[in-house]
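Participant: Sequence plus predicted model, see below.
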Amino acid sequence: MSSGCPPQSPAVAKSEVPVEGECPLLAATFAYWDNILGPRVRHIWTPKGDQLMFLSDGEVTFLANHTLNGEILRSAECGAVDVKFFVLAEKGVIIVSLIFDGELKGDKNTCALSIILPQTELPFYLPLHTICVERLKHVIRKGRIWMQKGYNIISVLSLEIVPIMELLASMKSHSVPEDVNIKDTVLNDDDIGDSCHEDFLHKAVSSHLQTCGCSVVVGSNPEKVNKIVRTLCLFLTPAERKCSRLCRTDSSFKYDTGLFVQGLLKDSTGSFVLPFRQVLYSPYPTTHIDVDINTVKQMPPCHEHTYNQRRYMRSELSALWKADSEEDIAPDTVIHTDESFTPDLNIFQDVMHRDTLVKSFIDEVFMLKPGLSLRSTYLAQFLLLLHRKSLTLLKYIEDETQKGKKPFRSLRNLKTDLDLAVEGDLYIVMAFAEKLRAGLHSFVFGKPFYTSMQERDALMSF
């Protein structure tokens, strides 16, 4: 690193964030373009703990200024957030910057919220890039409102910068490996009921697949929790496994939005409270699995989840805009209602849709001898079958709608032609297809919002 980059004067404000374990993130910065002095760094966040390399304040300032160079002629839509990815090999770092417009001291400025990591952490960070960017984008939306009202944006940005540091540190030590050994999962048991009840395993895997592979596993025994986490990760892609996390043996992590599968330990009272807002902001619906009492709950399907998520986001931003003072609302904890939208805090439902695909797979896989590669091969064949069915479903809908030019009105024929008459089978295949073609649920079930109850009525009428 260059030593000829002293910090700007006056000194840049800095926050040291206590982080447990090794945090791969070197620093986060908030900078803005000053029309007289050029790029200026307003705040720096650095983890206080084990670090792979050290950057001085001057070096961080130099790197942060680099993100705003060339942005003086930026032309973007109002409210747009541009994501820039810099790999500075000569400095040995990567910088992820979110560029946006905001008001500082009454003037419109181009701003940049950036995170800096060692270049050696690029393979580790890339699978988590989308998670970090989506979370930072939303805190920027709230921060722009705070800036417009003349309040301190740093306090708002810290609400997401600190959890992202904690997320990256926890993933560094407890992420699920890319290749999960089937011997460490329930699918290696001699008999289907050795580790957990047959119906519980079937319901957990089925709901996990119906919610696009997103699940939260809670319990008091970390070994049992992690065994279920690894089992569910068998049904994910290698990239999705890198976005999944095992639980700690001594204390629980916080729930993190965006992870596919995460294990969480209950507290001493035998409970774990999931934060409503963070769960609702997950990109996909979530399955809740309690290994202590063998219960499986799931959130409403994708189109209803997305609808509720966007309504809540708009309602949250509206409440921030209406705040009369900086102390009037805590931007990280507000759960509010208005006349047009009242969030349902009981967002987890019983698993309503039974299937035959997962039931047949579990019955058949335990007929094979454990400890060999047979079960792994049979699992790969099952996942390939689901993938092929999802591609077939997409092509079917494309042909019926002339690639989206006409509304889809052939659900009954689809279920018959593709052998998806059982609702659970349809939901599993549609969840796979949703990850290949985002928005599929909304397109199939119509532009107007359908509640899950109305949707079940529609399915039952065919």
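Facilitator: On my side now, so go ahead. The model shown is predicted, which means the values in this text are computed figures rather than measured ones. Residues are numbered from 1 along each chain as shown.

Participant: And the helices in the stretch 101-250 of the chain, which stretches?
Facilitator: 122-125, 129-148, 153-174, 198-210, 222-233, 238-241 (DSSP state H, counting those that start in this stretch).

Participant: where does the stretch 51-200 of the chain dip in pLDDT?
Facilitator: Flagging of the stretch 51-200 of the chain using pLDDT under 70 yields the residue ranges 51-53, 71-76, 105-106, 193-194.

Participant: So for the longest helix along the chain, what gets flagged as buried?
Facilitator: Criterion DSSP state H: the longest helix present in the chain is helix 374-401. Neighbour counts over helix 374-401 (16 or more other Cβ atoms under 10 Å) mark 375-376, 378-379, 382-383, 386, 389-390, 392-394, 396-397, 400-401 as buried. Every residue, glycine included, has its C-beta placed from N, CA and C.

Participant: Residues touching stretch 273-288, excluding its own?
Facilitator: For stretch 273-288, contacts defined as Cβ atoms under 8 Å, 6 or more residues apart in numbering pick out 134-135, 138, 204, 207-208, 210-216, 218, 255-258, 295-302, 305, 308-309, 312-313, 316, 335, 343, 345, 347-348, 434.

Participant: what does stretch 377-397 give?
Facilitator: Outside stretch 377-397, the residues touching it (Cβ under 8 Å, 6+ apart) are 182, 187, 209, 234-235, 357, 361, 364-365, 368, 408, 414, 417-418, 420, 428-430, 432-433, 436-437, 440, 443-444.

Participant: Is it possible to mark the buried ones in those?
Facilitator: For the contacts of stretch 377-397, buried by 16+ other Cβ under 10 Å: 182, 187, 209, 234-235, 357, 361, 365, 408, 414, 420, 428-430, 432-433, 440, 443-444.

Participant: so residue 444 touches residue 427, yeah?
Facilitator: No: checked against Cβ atoms under 8 Å, the pair residue 444 and residue 427 is beyond contact range at 11.2 Å.

Participant: Mutual contacts of these two, please.
Facilitator: With Cβ under 8 Å, 6+ apart, residue 444 and residue 427 have no common neighbours.

Participant: Extract the CA atoms of stretch 162-169 and return them as CSV.
Facilitator: Taking Å, rounded to 0.1, in the frame of the first residue of the first chain, the C-alpha atoms of stretch 162-169 are listed here in CSV:
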residue,chain,number,x,y,z
VAL,A,162,-22.3,-3.4,11.4
PRO,A,163,-24.5,-6.5,10.8
ILE,A,164,-22.7,-7.0,7.4
MET,A,165,-19.4,-7.1,9.2
GLU,A,166,-20.8,-9.6,11.6
LEU,A,167,-22.3,-11.6,8.8
LEU,A,168,-19.0,-11.8,6.9
ALA,A,169,-17.1,-12.8,10.1
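
Participant: So for residue 318, what's the pLDDT?
Facilitator: Per-residue pLDDT puts residue 318 at 85.

Participant: I'd like to know which elements whatever helix or strand it lives in is packed against.
Facilitator: Residue 318 belongs to helix 302-321 when assigned by DSSP states H and E. If contacts are counted by 3 or more Cβ pairs under 8 Å, 6 or more residues apart in numbering; DSSP states H and E, helix 302-321 sits against helix 129-148, helix 276-280, helix 440-444.
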